[in-house]
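1. sequence and computational prediction follow.
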Amino acid sequence: MNAAFYDFSKFCVATMSRVLWRATATGTQYVPRSGPLIVACNHVSYLDPPVMGCLCPRRISYMAKKELFTIPILGPTISALGAYAVDRHGSAAAAIKRSLDVLRTGGAIGIFPEGTRNRTGTVSPQTGVALLAALAGAPVVPVAISGSDRALRFSKIRVAFGRPLALSAGRKATRADLAKFTSEIMNAIGALSRGTSGDT
């Protein structure tokens, strides 16, 4: 990640988001300012990563589908912003290893538990967030974004950060533990979504 380029891009995107979509963020006080962190957000628009990232008080590295890195200009840009590739049709081992590298050096990563945009609410969440939280001992901050799917109508965008969640420490997490924690994360995101569901 190029820190100077990240901070400059964050300022530009935040300014644009506030001007065009009156973007606001609540609950930023719940985001730990240091240490390993996973930020888990719902996903309804291509705007979600930049808008959520620019309103988060931490620098965030995102997983992104590997096809994006082959696009001229976009690929080098997102790489400089700390994004790293994941092959959605292949092994997830490389993405997990890269995520753990970021977390174990005290960084923050952003993940969309559904793995893709989910406008209808019918995509089931994956347990990857819970697995990373277990392996890295990292807390998870649930985040809900609303209005980004109506950006072309210049609807107001709201981002709500929730209180950090953590797996029980002291023992290895089982598959049942991961499934339960995933549900807990999604329930927290759902509760935040209902609180940000106001329109324009």
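-> Arrived safely, thanks for sending. Numbers count the residues shown, from 1 in each chain.
2. which residues in the chain form helices?
-> For the chain, the helices defined by DSSP state H occupy 3-21, 48-55, 74-80, 93-104, 128-136, 175-195.
3. winner for burial among these?
-> Ranked by average neighbour count under the criterion mean count of other Cβ atoms under 10 Å, the helices of the chain are headed by helix 48-55 at a mean of 24. From N, CA and C alone the C-beta is placed, and that goes for glycine too.
4. next, the angle helix 3-21 makes with that one.
-> Calculated by axes from the mean of the first three to the mean of the last three Cα atoms, to 10 degrees, helix 48-55 forms an angle of 100 degrees with helix 3-21.
5. then helix 48-55 to CSV, C-alphas only?
-> C-alpha atoms of helix 48-55 as CSV (Å, rounded to 0.1, in the frame of the first residue of the first chain):
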residue,chain,number,x,y,z
ASP,A,48,-19.3,0.4,-1.6
PRO,A,49,-15.5,-0.2,-1.3
PRO,A,50,-14.4,3.3,-2.0
VAL,A,51,-17.2,5.1,-0.1
MET,A,52,-16.9,2.9,3.0
GLY,A,53,-13.2,3.0,2.8
CYS,A,54,-13.0,6.8,2.6
LEU,A,55,-15.3,7.2,5.6
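6. that helix - contacts with which helices or strands?
-> Here helix 48-55 touches helix 3-21, strand 37-41, strand 61-65, strand 108-111, strand 140-146, strand 158-161, going by 3 or more Cβ pairs under 8 Å, 6 or more residues apart in numbering; DSSP states H and E.
7. my guess is A80 meets A4, correct?
-> No - between A80 and A4 there is no contact under Cβ atoms under 8 Å: 9.8 Å.
8. quick revisit: mean pLDDT lowest where, among the helices and strands packed on helix 48-55?
-> In terms of mean pLDDT, the lowest-scoring of the helices and strands packed on helix 48-55 is strand 61-65 (a mean of 84).
9. residues in contact with that one: which ones?
-> Identification of contacts with strand 61-65 by Cβ atoms under 8 Å, 6 or more residues apart in numbering yields 1, 49, 53, 78, 81-88, 95, 99, 102, 107-111.
10. 6 Å instead, please
-> Strand 61-65 is touched from outside by 49, 78, 82-83, 86, 88, 95, 102, 109-110, with contacts defined as Cβ atoms under 6 Å, 6 or more residues apart in numbering.
11. what's the lowest-pLDDT member of those?
-> Comparing pLDDT over the contacts of strand 61-65, R88 scores lowest. The value there is 68.
12. who wins for proximity to G27 among the helices of the chain?
-> For G27, the closest of these is helix 175-195, at 7.8 Å, according to Cβ to Cβ.
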